[in-house]
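Student: model the following, please.
(2 chains)
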Protein chains: 2
Amino acid sequence: MTFVSIREVAPRDGLQNEDPVPTEAKVALIDALSRTGVRRIEAVSFVHPKAIPQMADADEVWATAWHNPGVRYSALIPNGRGAQRAIAAGFAEIEVVVSASDTHNRRNLNRSTEESLDDIAGLIPLVHESGATLEVIVATSFGCPFEGDIDPDRVAAIVARVRADGADRIAFGDTTGMATPRRVRDLLSSVRPDLLHFHDTRGTGLANILTALDLGVTEFDASAGGLGGCPYAPGASGNVATEEVVHMLHDMGIDTGIDLDRLIEAAELAEKVVGRRLTSGVLRAGPRTRLV
Amino acid sequence: MTFVSIREVAPRDGLQNEDPVPTEAKVALIDALSRTGVRRIEAVSFVHPKAIPQMADADEVWATAWHNPGVRYSALIPNGRGAQRAIAAGFAEIEVVVSASDTHNRRNLNRSTEESLDDIAGLIPLVHESGATLEVIVATSFGCPFEGDIDPDRVAAIVARVRADGADRIAFGDTTGMATPRRVRDLLSSVRPDLLHFHDTRGTGLANILTALDLGVTEFDASAGGLGGCPYAPGASGNVATEEVVHMLHDMGIDTGIDLDRLIEAAELAEKVVGRRLTSGVLRAGPRTRLV
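Tutor: Got it, this is the predicted structure:
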């Protein structure tokens, strides 16, 4: 393995789980990340402003941010209305979430997993007509804070359904940091995603990525500074920090296209934007090559 | 692999790198850890009270703490005077540190690595005469914050020297959190320790342990709550948190003898004792099996 593709999710997944910040701060963060060499950025979500006020200015953020031609930008949507907004804004990559856990899906989306899968089946032609692709993110793939372990067969059945319905890509979300090396092996021996999204709630973030690399996965979400979390997961900390992932990968001789120094600068900006100390180790201590 | 041996180092390595705490708090922490099922505890160090005031009451702490017959307790010493105190206190397991990095050794011990190795050669017969064993901890084995990468051959030469001099056990210390999965593989392909001591400064703590397990290492230091750090390492965070290590190992079906709930209670006590929020994920969020 010589290259791993990172999708930077701080502007959307990170900021959506923080107190709202000004439009210009969001634009500045996207622009800083667009200068790091990262090839993919989850930029905004098109959700109802009453449900998620953090993303109420998604159209303005996206209209103002630099669109680096070397970067693939994506948007998350919850439904057809969101898909229409994302398409109108010009996104070529669109994501939608469904939870493997029915309880989590009901809490998060106010409907059953089955109902969400039906909704997604209806979304796919709409997205494809515009020339965009749809990625389905299967949340709670490694466990649910309400239901506990999720049977890999249940995740596999969801994957089979959405692939049959025409989904372009599949991601597994470790929504509340319940993934461990053992659970990664268990699930991935049943069914393979295109991309993995880990949190670092219980210290296993990089150990999970190491395990997934060993199993041949080459695409991961990560969030500058570890920004983000999950409002439905008490005690859950943020996404795995992009600079920690990149630091480990580069040390292993695996390229990401990312300039680690610029990425750390972007993580410093993320920290300033949200106004709280982020726990990312590489942000705090610098890379191992930074000597005294 | 069915069992991994954890040495709990919060009472010594943890508290030595925090502001001094009262004797009774140290005793309470040792006693709480002695009730977790952990088989080994680094209890105190016998160092000059002016150099390290945190351990000035080591004799009283050790005389007061519960000596659980199911636990092996150890003490760290810097020199012959410390060894005499540890032996007089009845310790059967004694540890001494030498840095693979000459610069780090001079900053930490005010002498060259070579001079420290000569000192250790003189200590070994003294320790053995008392019936105790001596473990040599090779600090900065995975990198030095002043010198950078440390050649595995240098570590191997130190190991060969101290083994020839009669050292009973060898540990490799990742003193400032510069170990990564790649560096663990690199070093351990040259020379094997009995035990590994990782910090989680850059997020790689559990990924390093996972890598070492894959290479057959079965003994690790860890610190409840991730207590500790290194005063010579700017930005360095604490040791790998025992509850994060145990949480991952138990999930893999590897026993440690430790009751995770009791361990988390001990980590909560460690947090109370030092009066600052510790960053351990499993301490904050609980184990993945703790549902809402």
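Student: convert stretch A:40-54 to CSV, retaining C-alpha atoms only.
Tutor: Extracted in CSV, the C-alpha atoms of stretch A:40-54 (Å, rounded to 0.1, in the frame of the first residue of the first chain):
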residue,chain,number,x,y,z
ARG,A,40,-11.4,15.2,-0.5
ILE,A,41,-13.4,17.5,1.8
GLU,A,42,-16.9,17.0,3.2
ALA,A,43,-17.8,20.7,3.0
VAL,A,44,-21.4,21.2,4.2
SER,A,45,-24.7,19.5,4.8
PHE,A,46,-28.0,20.7,3.4
VAL,A,47,-30.3,20.1,6.4
HIS,A,48,-33.3,21.9,7.9
PRO,A,49,-31.9,25.0,9.7
LYS,A,50,-34.2,24.4,12.6
ALA,A,51,-32.9,20.9,13.1
ILE,A,52,-29.3,21.8,12.7
PRO,A,53,-28.6,25.6,12.9
GLN,A,54,-24.9,25.0,12.6
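Student: and that stretch, average pLDDT?
Tutor: Mean per-residue pLDDT for stretch A:40-54: 96.
Student: where does residue A:159 land in three-state SS?
Tutor: Put simply, residue A:159 is helix when judged by DSSP: H, G, I helix; E, B strand; the rest coil.
Student: beta partners for the residue nearest to residue A:55 when sequence neighbours are not counted?
Tutor: With CB to CB, 6 or more residues apart in numbering or on different chains as the criterion, residue A:55 has its nearest non-adjacent residue at 4.8 Å, and that residue is residue A:45. (C-beta placed from N, C-alpha, C; glycine too.) On the basis of DSSP bridges, residue A:45 is bridged to residue A:76.
Student: what is the neighbour count of residue A:45?
Tutor: If you count neighbours by other CB atoms under 10 Å in any protein chain shown, residue A:45 ends up with 24.
Student: residues contacting it?
Tutor: The contact partners of residue A:45, by CB atoms under 8 Å, 6 or more residues apart in numbering or on different chains, come to A:12, A:16, A:52, A:55, A:58, A:75-78, A:82.
Student: now, the residues you listed that are in strands?
Tutor: Using DSSP state E, the members of these that fall in strands are A:75-76.
Student: among the contacts of residue A:45, which one lies nearest to chain B?
Tutor: residue A:16 (19.6 Å; CB to the nearest CB).
Student: excluding covalently adjacent residues, which one is nearest to residue A:144?
Tutor: Spatial nearest neighbour of residue A:144, chain neighbours left out: residue A:101 (3.4 Å); criterion: CB to CB, 6+ apart.
Student: try residue A:185
Tutor: Closest residue to residue A:185 apart from its sequence neighbours, by CB to CB, 6+ apart: residue A:211 at 6.2 Å.
Student: who are the contact partners of that neighbour?
Tutor: Under the criterion of CB under 8 Å, 6+ apart, the neighbours of residue A:211 are A:181, A:184-185, B:210.
Student: most neighbours, which of those residues?
Tutor: That'd be residue A:184 among those, by other CB under 10 Å, with 26 neighbours.
Student: any idea which element it lies in?
Tutor: Per DSSP states H and E: residue A:184 is located in helix A:181-188.
Student: hey, which helix or strand in chain A has the poorest pLDDT?
Tutor: Least confident helix or strand, chain A: helix A:281-285 with a mean of 92, by mean pLDDT, DSSP states H and E.
Student: name the helices or strands packed onto that helix?
Tutor: helix A:242-251, helix A:260-274 (3 or more CB pairs under 8 Å, 6 or more residues apart in numbering or on different chains; DSSP states H and E).
Student: in JSON lines, list those along with distance to residue B:122.
Tutor: Below are these laid out as JSON lines (distance: least, CB to CB, whole Å):
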{"stretch": "helix A:242-251", "distance to residue B:122": "38"}
{"stretch": "helix A:260-274", "distance to residue B:122": "45"}
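Student: so for residue A:89, which of those sits nearest?
Tutor: Closest to residue A:89 of the helices and strands packed on helix A:281-285, according to CB to CB: helix A:260-274, at 21.9 Å.
Student: isn't residue A:243 up against residue A:263?
Tutor: Yes - under the criterion of CB atoms under 8 Å, residue A:243 makes contact with residue A:263 at 5.1 Å.
Student: now for the two: what residues contact both?
Tutor: Joint contacts of residue A:243 and residue A:263 (CB under 8 Å, 6+ apart) are residue A:224.
Student: ok, back up a step: residues touching the residue nearest to residue A:144, list them.
Tutor: Applying CB under 8 Å, 6+ apart, the residues contacting residue A:101 are A:113, A:139-140, A:144, A:146-147, A:150.
Student: then residue A:183?
Tutor: A:142-143, A:149, B:251.
Student: now the least confident helix or strand of chain A: buried residues?
Tutor: Within helix A:281-285, the residues scored as buried using 16 or more other CB atoms under 10 Å in any protein chain shown are A:281-285.
Student: got it, and stretch A:215-232?
Tutor: Buried residues in stretch A:215-232, counted by 16+ other CB under 10 Å: A:217, A:219-230, A:232.
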